[in-house]
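A.B. asks: Need the 3D shape of this:
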Amino acid sequence: GEKIASFGPEYLIPNPFDPRLIVKIAPAVAQAAMDSGVATRPITDWDAYRAKLSEFVYHTGVGMRAIFQAARQAKGKRIIFAEGEDERVLRAVQIVIEEKFARPMLIGRPAVIEHRLEKAKLRIKPGVDFDIVNPESDERYRECWSTYHKLMVRRGVTPAIAKEAMRRKPTLIGSMLLKLGYADGLICGMTGQYSHHMGVISQVIGKRPGTNTLAAMNYLMLPGRSLFICDTHINETPNAEEIAEMTVMAAEQVKRFGINPKVALLSHSNFGSGNSESSRKMGLAATLVTAMTNGELEVDGEMHGDSALSEAVRRTAHPDSTLNGEANLLIMPNLDAANIAYNLLKMTAGEGVTIGPILLGAARPVHVLTSTATVRRLVNMTAIAVVNSSMAAVISAAESLCVVVAKATSWAERRKALFGFEPDPAYPLAPFHPEAVNGMIGEVIWHEDGRVDFSVIPIWFEPPGRPVPAGARAQEILAYIDATGVAAGLPALGLAHANH
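C.D. replies: Numbering: from 1, shown residues only. Have a look, this model is predicted:
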């Protein structure tokens with residue numbers, strides 16, 4: 001695991017290889033050079049400069065660049081940390097606060113959190129930089145336990161059991177706060193068994209509408225390549241339909257890293273060389289994925305692992321494979337294969353540098369980590385939760401918007417219902433005023449059968465609890481986007497080619 005030394009009797013002078021020094025010393029040296037006139041290229045954007053330096057320390061390089069760029073655009077997201085007393089969480093929270101992409105909410109006893117902050121010599125302050133959810137005393141306690149009781153009343157949960165659980169189970173507390181809208185995302189799983197946390201998430205948060213499968217994906221930073229592996233933690237023996245669904249969800253998540261997914265469904269069989277139930281399942285899943293994505297996702301299988309990572313090997317067995325180059329998303333036939341492959345690669349080739357597990361298919365942005373999670377992994381997963389939260393807000397608003405527009409009876413009326421005026425005839429496919437058409441907004445195509453296709457969603461964000469307004473004008477939307485900086489982050493959220 002990752003160990004970060006704390007200032008104290010045993011660590012007075014920083015180790016010259018302490019990676020945190022780069023974000024402190026480099027800016028100081030640059031500032032001194034500017035003040036003395038030595039610098040020939042003065043730095044004008046110090047925030048961007050520090051952010052670039054931080055990538056070397058906390059962001060796992062370019063693999064997280066798109067995620068962090070999008071996370072910084074989504075200001076003020078409230079992310080709950082179930083294990084708020086854990087020192088790794090406290091150190092990660094300080095970084096999250098310094099990066100300014102979330103408002104942390106820590107579940108834990110205030111006295112314990114403050115003591116551990118002082119012991120670790122961390123600068124953040126409760127109530128100023130982050131909020132504390134005290135399991136022993138919180139004004140939302142009654143609302144949480146009563147809602148939980150109603151949710152679980154047919155599963156043997158009495159009011160007394162609900163009250164006790166809401167005092168002593170941090171993941172349950174975080175899940176209920178997330179479900180009730182008091183937070184935008186949840187990070188849990190730092191202690192205890194993964195399956196226990198997933199049981200709580202499944203009961204309280206559940207699956208997003210239209211989804212039948214939950215799955216976990218891990219991102220491995222390897223020398224010379226990066227790999228995503230799924231499903232590493234949840235489905236013991238998924239069937240073809242479950243594998244197809246998790247593949248589509250995994251590919252959507254890969255896009256949010258700014259990476260074009262190339263998917264290989266793995267098996268002991270290489271394009272029909274074997275005829276086991278498992279190999280037939282993977283071959284069928286590949287066919288289902290192609291149908292579900294209208295052939296837009298680059299995917300093939302079933303195949304061997306070497307065929308997935310070497311085009312030359314793959315072409316020898318199947319010259320007409322629909323997969324080009326090296327696969328970067330590996331879908332395994334069962335939990336054993338995925339988890340074993342992930343852990344072996346992590347320890348032998350990835351130097352322990354991983355992102356995840358990334359939970360796929362949940363109704364709200366929540367990620368269940370493992371007890372070996374490092375500070376860096378916590379920071380990365382927090383950024384992913386922030387982006388997932390922004391994506392969820394966009395989808396929710398877009399779905400509401402499509403309902404409003406669908407009530408219009410004609411093609412022209414639908415466009416007018418969206419922006420309050422008839423668009424210029426020169427732009428028949430885009431219901432934007434010409435002044436509103438730009439790359440950050442994108443294009444919307446209305447089909448005569450009622451379907452709506454969009455590349456980048458033309459949407460605005462409203463505070464929780466406020467309805468999406470109907471007939472908002474394009475100028476108002478653009479003004480809001482300009483004021484909040486939302487648009488610049490949208491392309492990084494993986495919104496391309498979504499259909500509603």
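A.B. asks: Spell out which helix or strand contains M217, please.
C.D. replies: strand 215-222 (DSSP states H and E).
A.B. asks: what pairs with that strand, and is each one parallel or antiparallel?
C.D. replies: If you go by DSSP bridges, strand 215-222 pairs up with strand 225-230 (antiparallel), strand 354-360 (antiparallel).
A.B. asks: and P333, which of the three is it?
C.D. replies: The three-state assignment at P333 reads coil, by DSSP: H, G, I helix; E, B strand; the rest coil.
A.B. asks: ok, it to D35 distance?
C.D. replies: 61 Å (C-beta to C-beta, to the nearest Å). For every residue, glycine as well, the C-beta is placed using N, CA and C.
A.B. asks: Those two: who's more crowded?
C.D. replies: Using other C-beta atoms under 10 Å as the criterion, P333 and D35 rank with P333 on top: 25 against 9.
A.B. asks: element containing the residue lying closest to the more buried one once chain neighbours are set aside?
C.D. replies: Of all residues not flanking P333 in the chain, S278 sits nearest, at 5.0 Å (C-beta to C-beta, 6 or more residues apart in numbering). S278 belongs to helix 277-292 when elements are defined using DSSP H and E.
A.B. asks: other SSEs contacting that helix?
C.D. replies: Where contact means 3 or more C-beta pairs under 8 Å, 6 or more residues apart in numbering; DSSP states H and E, helix 277-292 is packed against helix 240-255, strand 262-266, strand 298-303.
A.B. asks: average pLDDT for it?
C.D. replies: Per-residue pLDDT values over helix 277-292 give a mean of 93.
A.B. asks: now it and helix 240-255, what's the angle there?
C.D. replies: 60 degrees (axes from the mean of the first three to the mean of the last three C-alpha atoms, to 10 degrees).
A.B. asks: From the rest of the structure, what touches helix 277-292?
C.D. replies: With contacts defined as C-beta atoms under 8 Å, 6 or more residues apart in numbering, helix 277-292 is touched by 239-241, 243-245, 247-248, 263, 265-269, 272, 297, 299-302, 322, 331, 333-334.
A.B. asks: Could you check it and say which residues are buried?
C.D. replies: Buried positions in helix 277-292, judged by neighbour count with 16 or more other C-beta atoms under 10 Å: 278-286, 288-290.
A.B. asks: want to try a markdown table for those, with distance to M64 as columns?
C.D. replies: Formatted as a markdown table, these follow (distance: C-beta to C-beta, whole Å):
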| residue | distance to M64 |
| --- | --- |
| S278 | 34 |
| S279 | 35 |
| R280 | 37 |
| K281 | 33 |
| M282 | 30 |
| G283 | 34 |
| L284 | 34 |
| A285 | 29 |
| A286 | 29 |
| L288 | 31 |
| V289 | 26 |
| T290 | 30 |
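A.B. asks: right, and the pair among these with maximum separation?
C.D. replies: S278 and T290 (19.5 Å; C-beta to C-beta).
A.B. asks: residue ranges with poor pLDDT in the chain?
C.D. replies: Applying pLDDT under 70 to the chain picks out residues 1-27, 29, 38-40, 45-63, 350-352, 392-500.
A.B. asks: S226: what's it in contact with?
C.D. replies: Applying C-beta under 8 Å, 6+ apart, the residues near S226 are 63, 219-220, 259, 328.
A.B. asks: Same check on E311?
C.D. replies: By C-beta under 8 Å, 6+ apart, the residues touching E311 are 324-326.
A.B. asks: Same list (these) but as CSV, adding neighbour count.
C.D. replies: Converted to CSV, these look like this (neighbours: other C-beta atoms under 10 Å):
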residue, neighbour count
N324, 12
G325, 12
E326, 15
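A.B. asks: Save those as a markdown table, and put in distance to S390 too.
C.D. replies: Listed next are those as a markdown table, based on distance: C-beta to C-beta, whole Å:
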| residue | distance to S390 |
| --- | --- |
| N324 | 31 |
| G325 | 30 |
| E326 | 30 |
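A.B. asks: and of those residues, the nearest to D231?
C.D. replies: The shortest gap between D231 and any of the contacts of E311 belongs to E326, at 20.8 Å (C-beta to C-beta).
A.B. asks: from memory the closest one sits against V263, does it?
C.D. replies: No. Using C-beta atoms under 8 Å as the test, E326 is too far from V263 to be in contact (11.4 Å).
A.B. asks: re the thing from before, which one of the helices and strands packed on helix 277-292 lies closest to S195?
C.D. replies: For the helices and strands packed on helix 277-292, distance to S195 was read as C-beta to C-beta. The smallest value, 17.3 Å, belongs to helix 240-255.
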